[in-house]
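Student: Can you look at this prediction? I've put the sequence above it.
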Amino acid sequence: MGAVDGERRRGERRSIDRLARWLVRGTGAEPGWDALVLEVLSVGRDVRAQVREVRGAGTRVHPVDPDRRLRRTLRRLQAAQADLVDGTWLSATLLVSVAGSRWERPVVELVLHHDDDPRPPVHAPHPVTAEDLRRHLAAHRRMGRKIPDWARERLAAAGLEVPER
């Protein structure tokens, strides 16, 4: 791994750690949860999020209004993970789990969704717009074959061109 790759990986890890700390400390979840799940949609200028708090067999959903700091951390992570073939993720899920582990060392897992049609959080006022999708693909270009059919169809229906490499 080269110096640039190593620095990029360290930056990604810092962003993931920052998000996990925010999830545990900044969401107001009372102690005793088994898992906290941050679901993020970041397309164009649109950043939306929600937190699922899992306790035993129950789950509560908390709407999140991402502040500037959270948006910046998410954007950094998204940019750091962009590449010239796949672009970058449209939505992501960060899981912090203590089930089966000690509270001192929670398990942190990040799942990225590059191709799925991103579903807005349940509290979102509207779906992802074609213009936000166009902005996202223009900022994080992908090879043409890596642009999902649903994205092409949504852009075409809005009369927008598909930005691709």
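Tutor: That came in fine, so what should we check first? Numbering: from 1, shown residues only.

Student: where does the residue positioned nearest the centre of the chain land on pLDDT?
Tutor: Closest to where the C-alpha atoms of the chain average out (CA atoms, centre = their mean) is residue 92, at 3.0 Å. On pLDDT, residue 92 comes in at 94.

Student: Double-check that it belongs to a strand.
Tutor: Yes: judged by DSSP: H, G, I helix; E, B strand; the rest coil, residue 92 forms part of a strand.

Student: and it, what does it touch?
Tutor: Listed by CB atoms under 8 Å, 6 or more residues apart in numbering, the contact partners of residue 92 are 39-40, 42, 74, 77-78, 110-113. Bear in mind the C-beta positions are built from the backbone N, C-alpha and C, glycine included.

Student: avg pLDDT for stretch 98-112?
Tutor: Stretch 98-112 comes out with an average pLDDT of 79.

Student: My error: substitute stretch 44-62 in the last question.
Tutor: Stretch 44-62 comes out at a mean pLDDT of 90.

Student: where's it relative to the chain centroid, distance-wise?
Tutor: The chain centre lies 12 Å from the centre of stretch 44-62; the measure is CA atoms, centre = their mean, to the nearest Å.

Student: can you map out the helices along this structure?
Tutor: For the chain, applying DSSP state H gives helices covering 3-25, 68-80, 130-139, 149-157.
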